[in-house]
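In: Give me a model of this one.
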Amino acid sequence: MNWLRHFPSTAYLVIALSFIYLPVVVLVLFSFQDGALPVFPFTGPSLQWYEKMFGNERLVESLLNSIVVAVLSSLVTTVLGFLAAYGMARRTPRFAGGIRFLLMAPLTVSYLIIGMGLLITFNLIGIPKSLFAVGLGHVIINLPLCFAVIYSQFGDHLRNIEWAARDLGANDTQTLLRVIAPIMKPSLLASFCLSVTLSWDEFIIAFLLSRFDVTLPVIIFEMLRAGLTPEVNAAGTMVFAISMLTIGVGVIFMFVVAREKK
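Out: Below is the predicted model of the structure:
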């Protein structure tokens, strides 16, 4: 029978998806727990832990800090990634392979090593632990991915369009902002959303480079040291929900752009 032939692959897929998503389902479920402990049997649903979470001033402040750091660092990362990709695609410089390797190298280094290196470097040049330092760290770790996404979308067709724009009298700035950037809008948005998602829930660099003003993952870590509670689950659910919302906005925007091109 056909279903027997496909059963092993189907069973493997179900097990793999369950392994990935079951912890998320449990996290979200027990954020609505009515009791004081996130253990079976489930009692609820109740929004009391979300009310308690939003009533926690330090938690709300860290939530806003995470949003500010994620958005601003992602804007900087996307702009730098776009400029680097444009420069590499427009002209092939000497040692282009080595330059691409240097741009992509942070992907091969542990966040812990990068964070410790940044901590030492910032101490030497006088940058204190702060959200600004965290933002710089997130730019460094997210820039390689943004560069890779944007650079992969540059091709000969864009070079031809650029030449056509110059023949019509456009200068470098006009060509970049009015011609190339609008065409690259889907990849720019994809890079921005990816960077926001990675920055939003990043912990190691945020923990090493922040002091008093911290991001949400750092606060969740501090709460976990006191024990697992439904309030922690509510905060974790908020992190997951905003990550999914960011990805959803990016997908919808790319779908709209694709329909407009048709």
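In: any chance you could map the helices in the stretch 151-262 of the chain?
Out: 156-167, 172-174, 181-183, 185-200, 204-209, 216-225, 230-261 (DSSP state H, counting those that start in this stretch).
In: quick one: which of those helices is nearest Val14?
Out: Nearest to Val14, of all those, is helix 230-261, at 21.4 Å by Cβ to Cβ. All C-beta atoms are positioned from the backbone trio N, CA, C, and that covers glycine.
In: Now Ser243: closest residue in space that isn't a chain neighbour?
Out: Thr197 (5.1 Å; Cβ to Cβ, 6 or more residues apart in numbering).
In: check contacts around the one you found.
Out: 243, 246-247 (Cβ atoms under 8 Å, 6 or more residues apart in numbering).
In: are any of these buried, and which?
Out: Buried members of the contacts of Thr197, scored by 16 or more other Cβ atoms under 10 Å, are 243, 246.
In: Now pLDDT and distance to Phe82 too, for the contacts of Thr197, in CSV please.
Out: Shown next, in CSV, are the contacts of Thr197 (pLDDT from 0 to 100; distance: Cβ to Cβ, whole Å):
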residue, pLDDT, distance to Phe82
Ser243, 78, 23
Thr246, 77, 19
Ile247, 76, 20
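In: What about Leu158, how many residues nearby?
Out: 17 (other Cβ atoms under 10 Å).
In: Would you agree it is in contact with Tyr86?
Out: No. Here Leu158 does not reach Tyr86: they are 9.0 Å apart, not a contact under Cβ atoms under 8 Å.
In: Give me the common contacts of those two.
Out: Ile180.
In: what comes up buried for stretch 208-217?
Out: Under the neighbour-count criterion of 16+ other Cβ under 10 Å, stretch 208-217 has 208-210, 213-217 buried.
In: ok, those residues vs Glu202, which is closest?
Out: Set against Glu202, the nearest of those by Cβ to Cβ is Pro217 (6.7 Å).
In: Count the neighbours of the spatially closest residue to that closest one that is not a sequence neighbour for me.
Out: The shortest distance from Pro217 to any non-neighbouring residue, by Cβ to Cβ, 6+ apart, is to Phe203 (4.1 Å). Phe203 has 15 neighbours, counted by other Cβ under 10 Å.
In: What backbone torsions are found at Phe203?
Out: Taking degrees, to the nearest 10, you get phi -110, psi -50 for the backbone angles of Phe203.
In: Helix, strand, or coil at Arg94?
Out: coil (DSSP: H, G, I helix; E, B strand; the rest coil).
In: Tell me the pLDDT of it.
Out: With respect to pLDDT, Arg94 scores 72.
In: quick one: it and Leu29, what's the gap?
Out: 57 Å (Cβ to Cβ, to the nearest Å).
In: Of those two, which one has the most company?
Out: Ranked by neighbour count (other Cβ under 10 Å), Arg94 and Leu29 place Leu29 first, with 16 against 6.
In: so which helix or strand takes in the more buried one?
Out: In this assignment (DSSP states H and E), Leu29 forms part of helix 2-30.
In: Phe32 now?
Out: Using DSSP H and E, no helix or strand contains Phe32.
In: Touching, it and Leu47? I think so.
Out: Yes. Assessed by Cβ under 8 Å, Phe32 is found in contact with Leu47 at 7.1 Å.
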